[in-house]
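*Asks:* Generate a structure from the sequence data that follows.
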Amino acid sequence: MAGLAANEGVPQWLDALMKDKFFNPCAAHATARKNERNVFCLDCCLTLCPHCLPSHPPHRLLQIRRYVYHDVVRVDELGKLIDCDLVQAYTTNSAKVVFISERPQTRPFRTSANVCITCDRSLQEPFIFCCLSCKVKYLTKTEGAMAKNLFRCDFLPLPNSSELDEDGQMTPDSVLDSAEGWPGAGESARKKRSGRPAVAGICAEAANRRKGVPCRSPLY
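*Replies:* Modelled structure (predicted):
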């Protein structure tokens with residue numbers, strides 16, 4: 001298991017995942033076909049290409065994918081390592097994905113009352129983080145919150161080889177994930193969160209920030 005980074009208890013693998021650059025050619029396999037580095041080794045905190053994988057057979061490996069020129073991770077894979085609750089998800093290729101890092105703001109103003117409580121990007125209800133890094137930034141502000149959102153995972157295999165051979169590009173027909181069926185929607189999800197102080201505090205802060213959003217009259 002990787003140790004902790006100096007950044008408020010953030011594991012080294014998570015710190016490296018948010019900082020690393022993916023889909024660049026692998027220097028060790030420069031002449032090889034399909035040598036883009038789109039696999040992250042949690043145990044070595046390194047970005048790998050498919051040709052590097054034989055050197056990391058027992059390690060925990062996470063495949064990075066790309067959607068509209070930004071790096072994403074599948075929720076069913078990342079969710080084994082860290083709680084992805086309240087992070088805006090997209091459904092694409094029949095899988096839920098979340099962005100790893102913040103994206104440049106295309107509009108300098110808020111377009112809805114529901115925004116990321118870290119970077120103010122407009123979001124769909126009930127999500128309050130636009131990406132993994134925004135949630136991590138928030139959790140590091142509260143002592144102990146980071147640890148409560150991490151899960152122990154000793155084995156994380158890659159998807160089947162045929163899927164790994166793809167270039168990692170997600171099809172552009174993805175859609176915003178709806179609240180229905182997502183942890184954080186409905187009465188049952190609210191009851192689930194009531195026993196988790198870290199998440200409950202996040203929801204309370206989000207509610208307080210939204211109180212100041214003015215209501216505008218409809219345009220006719």
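*Asks:* Give the buried residues for stretch 37-53.
*Replies:* For stretch 37-53, a neighbour-count test (16 or more other Cβ atoms under 10 Å) marks 37-42, 44-50, 52-53 as buried. Placement of C-beta: from N, CA and C, glycine included.
*Asks:* ok, which pair from those is furthest apart?
*Replies:* Cys45 and Pro50 (18.5 Å; Cβ to Cβ).
*Asks:* Please pull out the lowest mean pLDDT helix or strand from this structure.
*Replies:* Across the helices and strands of the chain, mean confidence by mean pLDDT, DSSP states H and E is lowest for helix 186-193: a mean of 37.
*Asks:* Could you list the low-pLDDT ranges of this protein?
*Replies:* 1-8, 106-112, 159-220 (pLDDT under 70).
*Asks:* In it, what residue spans correspond to helices?
*Replies:* Assigned by DSSP state H, the chain shows helices spanning 12-19, 75-78, 132-139, 145-148, 161-164, 186-193, 197-210.
*Asks:* My guess is Thr47 contacts Asn35. True?
*Replies:* No - Thr47 is beyond contact range of Asn35, at 11.9 Å (criterion: Cβ atoms under 8 Å).
*Asks:* Do a quick rundown of the strands in this protein.
*Replies:* Assigned by DSSP state E, the chain shows strands spanning 39-41, 46-48, 61-63, 65-67, 70-74, 90-92, 95-99, 175-176.
*Asks:* Let's have those strands in TSV, adding distance to Cys26.
*Replies:* TSV is the format used below for the strands of the chain (distance: least, Cβ to Cβ, whole Å):
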stretch	distance to Cys26
strand 39-41	10
strand 46-48	7
strand 61-63	15
strand 65-67	16
strand 70-74	16
strand 90-92	26
strand 95-99	23
strand 175-176	33
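*Asks:* Neighbours of Pro157, how many?
*Replies:* 9 (other Cβ atoms under 10 Å).
*Asks:* any idea how far it is from Ala32?
*Replies:* Distance, Pro157 to Ala32, using Cβ to Cβ, to the nearest Å: 22 Å.
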